[in-house]
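*Asks:* what shape does this take:
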Amino acid sequence: MSDAGTVVDDIVSALEDMRLDGPPGKNGQPEWSAFDWKARCNIETAAVYATGGMRLAEQRDARASAVLWKMLNDQLSAKLGMRVTTRTLTGYEEGLFAWLATREDLHDGNFGVVEMGGASVQVSFPCPECETARQVKVKGRPVTVYSHSLLDWGQDEAGKKLGPLPACEHGAGLENPEWQTAHCTAGLGASSEAFLEIRNFIGKAGELHWYLSGAFLYMRDTDIDHFCRKGIHSAFEQETSCFRAVYLRNTLLSLGVPAESEHSTADWTLGAVICTSTQCLE
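*Replies:* Numbering: from 1, shown residues only. Down below sits the predicted model:
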């Protein structure tokens, strides 16, 4: 909580930062373009949504989390001169919004999305046969969508939960030439149980096209060989690079979703805007 004021200030100041030119990138051009929302937009609603990490924070300290949200709501409302929404999404919403964002550019909704975050994993797909699915308004028509978030099973939290696994350490195969992926996945057995119910629901949904999002976008076929067997330098969090390489693929295997599935770069925040404007859950 000692950092709450800085976090709130950073979020509110982002409103002005996005109106300025981005920092210099290649060839002296800004890395990102300015977006002068004051000149280009007639703002009807404004919202700040948090995802899996904040759901964990609220479980651990609900009172402090409520204080943080009130600080943010007060400052953002004052900055914009209007009432705003500041809250944590449910697991259903987080997965659904990723699905809606992907759906926007597709001809039909016969697909599923698996999204890997740092704190949670979201799986969403249409499934009239799934008991916990809900009716959602999608492009003006009702669609029964199953969406579930596995809290604590995102790649960062799973690493903390499972603890240091020697067989999943960076370069584990250097000291053990006989190293196999199974040596690492043996320590991940609990995740198979966590995903079993979802896998059964996926079976009920029939033939689906799958999209991968979040951390899956950075998954490469060479990761396990590079980071586990050869100990090649990782440009991102090297210490856990082998674990993440194995964990991402093991997650998809546990769900029965092909690791070669197409990628979706659609941002769940687009899905949040779509749902708000269409009142998709009402």
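
*Asks:* elements contacting the helix or strand hosting Arg199?
*Replies:* Assessed by DSSP states H and E, Arg199 sits inside helix 189-205. Under the contact definition 3 or more C-beta pairs under 8 Å, 6 or more residues apart in numbering; DSSP states H and E, helix 189-205 sits against strand 120-126, strand 141-151, helix 241-255. The way it works is simple: take the backbone N, C-alpha and C, and place the C-beta from them, glycine included.

*Asks:* what helices and strands are in contact with the strand or helix carrying Ala66?
*Replies:* In this structure, Ala66 is located in helix 62-80 according to DSSP H and E. Here helix 62-80 touches helix 4-17, helix 52-60, strand 85-88, going by 3+ C-beta pairs under 8 Å, 6+ apart.

*Asks:* what are the buried residues along that helix?
*Replies:* Using 16 or more other C-beta atoms under 10 Å as the test for burial, helix 62-80 gives 65, 68-69, 71-73, 75-76.

*Asks:* hmm, back to that, which of the helices and strands packed on helix 189-205 sits most buried?
*Replies:* Here the criterion is mean neighbour count by mean count of other C-beta atoms under 10 Å, and of those the winner is strand 120-126, at a mean of 27.

*Asks:* sheet partners, orientation included, of that strand?
*Replies:* Strand pairing for strand 120-126, determined by DSSP bridges: strand 111-116 (antiparallel), strand 141-151 (antiparallel).

*Asks:* follow-up on the earlier one: measure how the helix holding Arg199 sits relative to strand 120-126, angle-wise.
*Replies:* Computed by axes from the mean of the first three to the mean of the last three C-alpha atoms, to 10 degrees, the angle separating helix 189-205 from strand 120-126 equals 10 degrees.

*Asks:* which residues touch helix 189-205?
*Replies:* 112, 123, 125-127, 129-130, 146, 148, 150, 153, 158, 162, 208, 247, 250-251, 254-257 (C-beta atoms under 8 Å, 6 or more residues apart in numbering).

*Asks:* if we go to 10 Å?
*Replies:* 110, 112, 114, 121, 123, 125-133, 146, 148, 150-153, 158, 161-162, 185, 208, 210, 247, 250-257 (C-beta atoms under 10 Å, 6 or more residues apart in numbering).

*Asks:* give the buried residues for that helix.
*Replies:* Neighbour-count burial for helix 189-205, counted by 16+ other C-beta under 10 Å, picks out 191, 194-195, 198, 201-202, 205.

*Asks:* buried residues in whatever helix or strand comes next after it?
*Replies:* Downstream of helix 189-205, the first helix or strand assigned by DSSP H and E is strand 209-214. Neighbour counts over strand 209-214 (16+ other C-beta under 10 Å) mark 210-214 as buried.

*Asks:* cool, stretch 257-272 as well?
*Replies:* Buried residues in stretch 257-272 (16+ other C-beta under 10 Å): 257, 261, 264, 266, 268, 270-272.
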